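Visitor: only geometry, no sequence info:
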DNA sequence: ACCTGAACACCGTTCAAGT
DNA sequence: ACCTGAACACCGTTCAAGT
């Protein structure tokens, strides 16, 4: 990804390059504390160049958080196309996918919920976050229609699930959700407890 | 809190002063991005002075996270001494106290779970976090003894509760857990769903 | 024993100037 | 239209030197 397509030297689509470089750096350590100068360095441009494409660092972080939510959304949406197994199985599959997304992209996941991606893009951000949320809603609605789940406000149930998955993910990233500390199979236990509270 | 007790000028117990000043700054905005130099400035000492009491900024952050967990622990422990109401009421009271602690100290709460308070004090950190966790365990054990809750591994149940409360708290801080976005009374719905999954 | 002043190597950001 | 060089105001951290 360095200079394959005969870099036009004096430009090329920086912006995309900046985002990709920064996203790559996110995977390197579990913090999202990369520096803009380092991004520029790796992209082979001057430190001032990124400012032609992003008003400031926060804007870049925002954009990256957006991408993160889109990827999460995709990952969750991809879970559905399985055989029409039981809703319970599907619920577990979605939850496991969610948690795995976070634990395998800890820095990105943290960034998404760090609050540092706020400001101007706030609206877009929660829009995209709620899109991922929509997968949950859809799942729970089906569960209610099938009579497997109690008929309560779906958004409330979805919020309960989201909070549970988010909590598990965050605590896992922090290393506070390991079986030595918190008992065997905490993920399963937590999900079962919640699911049984939603079921008829 | 400025110079009441005739500041000995050339010393005094900085360390405590540094911690207190920094804790105060945490309340000012919802991020924990204060600078060490600013802390020194407000404490009226040179920028180098704090380094005589903390090896580096991370060490100060660690210490502050510890204090945060202790305060959370206290807050949760204080909930108990009420009339022997129903377990359900007590459960709700604990959960609400937890969430309120986070939402009224957003920067501190974020710092506690930011991962930036790690390194050397890691062990102490999770020790203190698990102490707060103990309050939950104790509550659930009583619930099991009373026959109100299912007899399953208590630590697993406690982990489920913790994840739920942590998730609700984080999403609330991020402004993603408001009723306009997620349905009416999300906190109640989420807690009821979880509790009913734990109950007999 | 505790603190300061000055320095080093870094940041984020800006802006005139280059191609 | 897009990028660079040099600068500004800031950090975290160190270390000889002060009291």
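Guide: That came through fine. No experiment lies behind these values; they were computed from the predicted model shown.
Visitor: how about the residues of chain A that lie near DNA strand D?
Guide: A:10-12, A:14, A:45-49, A:52-53 (Cβ under 7 Å from any atom of the strand). Heads up, the C-betas are built off the backbone N, CA and C, glycines and all.
Visitor: of those, buried ones?
Guide: A:12, A:14, A:45, A:49, A:53 (16 or more other Cβ atoms under 10 Å in any protein chain shown).
Visitor: lowest-confidence one in the residues you listed?
Guide: The member of those with the lowest pLDDT is residue A:12, at 72.
Visitor: secondary structure class for that residue?
Guide: coil (DSSP: H, G, I helix; E, B strand; the rest coil).
Visitor: and the furthest pair within the buried ones among the residues of chain A next to DNA strand D?
Guide: Based on Cβ to Cβ, the longest span within those runs between A:12 and A:53 and measures 11.7 Å.
Visitor: lowest-pLDDT helix or strand in chain A?
Guide: Scoring the helices and strands of chain A by mean pLDDT, DSSP states H and E places helix A:179-182 at the bottom, with a mean of 84.
Visitor: which elements pack onto it?
Guide: Where contact means 3 or more Cβ pairs under 8 Å, 6 or more residues apart in numbering or on different chains; DSSP states H and E, helix A:179-182 is packed against helix B:122-145, helix B:154-173.
Visitor: let's have the ones you listed in TSV, adding mean pLDDT.
Guide: Output for these, formatted as TSV (pLDDT from 0 to 100):
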stretch	mean pLDDT
helix B:122-145	89
helix B:154-173	95
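Visitor: any chance of those helices in CSV, with mean neighbour count too?
Guide: Putting the helices and strands packed on helix A:179-182 into CSV (neighbours: other Cβ atoms under 10 Å in any protein chain shown) gives the following:
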stretch, mean neighbour count
helix B:122-145, 18
helix B:154-173, 25
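Visitor: save the ones you listed as TSV, and put in distance to residue A:91 too.
Guide: Below are these laid out as TSV (distance: least, Cβ to Cβ, whole Å):
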stretch	distance to residue A:91
helix B:122-145	23
helix B:154-173	15
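Visitor: who wins for proximity to residue A:136 among these?
Guide: Taking the helices and strands packed on helix A:179-182 one by one with Cβ to Cβ, helix B:154-173 is closest: 12.9 Å.
Visitor: any part of the closest one near chain A?
Guide: Yes: Helix B:154-173 comes into contact with chain A (Cβ under 8 Å from any Cβ of the partner chain), by way of B:154-160, B:162-168, B:170-171, B:173.
Visitor: against which helices or strands is that helix packed?
Guide: Going by 3+ Cβ pairs under 8 Å, 6+ apart, helix B:154-173 lies up against helix A:154-173, helix A:179-182, helix A:186-198, helix B:87-104, helix B:106-112, helix B:122-145, helix B:186-198.
Visitor: export those to a markdown table and tack on distance to residue A:35?
Guide: Output for the helices and strands packed on helix B:154-173, formatted as a markdown table (distance: least, Cβ to Cβ, whole Å):
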| stretch | distance to residue A:35 |
| --- | --- |
| helix A:154-173 | 22 |
| helix A:179-182 | 34 |
| helix A:186-198 | 35 |
| helix B:87-104 | 30 |
| helix B:106-112 | 21 |
| helix B:122-145 | 25 |
| helix B:186-198 | 37 |
